[in-house]
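A.B. asks: only geometry, no sequence info:
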């Protein structure tokens, strides 16, 4: 959908800059307001966020993605990476948001990592679909966004949570900038659909190496100084599908192949779903 800005500007460049600014603001997503917690997890969260546990209000957080500031970096001449990171955090803070959730990566990581098996955003290619994300490679060459965001938030006294998308591996050539070497080089780890078709965009959590890869990244994010971790399992649900690593032990224990269940009765799936959930 084309946005028609009838603002009377004399140049298209000013229109483009304003449009990009509005796009950036639209990408500052309000998060957390509708979540429900038990008392223990709520108290822990309030402790991390330095909020009075007797408060009746729910803390408000904002998610920061590359999309919140890349448009300003991708103009000519490019803006300073660190200044844009600070500006993103300031925008959240000035609008009364209590804490910020900083994007740390998906299949690839969005910070400078010391782990051998990690792959940075756009390290293996800069085209993401039909868009050139070379600005991401330039940012990651110039600074570590996570490290600088943590440092700046600490200066401001604003809690910062590190967010990792837990099973978003893309897999297609058009998304080479977002797919890690670990995911590309281990097709034996790819999830499998019920009909036996490999799912390149997911890795199977029933495999120890897959779990360890995520744990290594989570621990590194934590070591950067974030106040807490946000583990995003919402992308690429469900967590587990029909990889042999999960299916074969179930068949051996139960004597039933879950891939052959074709019932319309939900009760016929209960044991398999519970096993998978466990």
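C.D. replies: Looks like it came in fine. Predicted model only: the values in this text are computed from it and were never measured.

A.B. asks: quick one, strands of the stretch 101-250 of the chain?
C.D. replies: 127-128, 131-132, 160-165, 190-192, 198-203, 228-232 (DSSP state E, counting those that start in this stretch).

A.B. asks: how about those strands, which one is nearest residue 149?
C.D. replies: strand 160-165 (6.1 Å; Cβ to Cβ). In short, each C-beta sits where N, CA and C put it, glycine included.

A.B. asks: returning to that earlier point: same list, the strands of the stretch 101-250 of the chain, but as TSV with mean pLDDT and mean neighbour count please.
C.D. replies: Formatted as TSV, the strands of the stretch 101-250 of the chain follow (pLDDT from 0 to 100; neighbours: other Cβ atoms under 10 Å):
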stretch	mean pLDDT	mean neighbour count
strand 127-128	85	16
strand 131-132	84	12
strand 160-165	96	23
strand 190-192	97	22
strand 198-203	95	21
strand 228-232	93	16
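
A.B. asks: so for residue 181, which of those sits nearest?
C.D. replies: Closest among the strands of the stretch 101-250 of the chain, once you apply Cβ to Cβ, is strand 198-203, at 12.6 Å.

A.B. asks: give me the contacts around the closest one.
C.D. replies: 167-172, 183, 186-187, 189-193, 210, 213, 236, 241 (Cβ atoms under 8 Å, 6 or more residues apart in numbering).

A.B. asks: so where do the helices sit in the protein?
C.D. replies: For the chain, helices defined by DSSP state H occupy the ranges 12-26, 39-49, 70-73, 81-94, 134-142, 145-156, 181-184, 208-223, 244-254, 270-277.

A.B. asks: tell me the gap between the last one and the middle of its chain.
C.D. replies: If you compare the mean C-alpha spot of helix 270-277 with that of the full chain, they lie 27 Å apart, counting by Cα atoms, centre = their mean, to the nearest Å.

A.B. asks: for it, enumerate the helices and strands it packs against.
C.D. replies: helix 244-254 (3 or more Cβ pairs under 8 Å, 6 or more residues apart in numbering; DSSP states H and E).

A.B. asks: does residue 271 touch residue 255 like I think?
C.D. replies: No - contact status for residue 271 versus residue 255: not in contact, 11.0 Å apart, counting by Cβ atoms under 8 Å.
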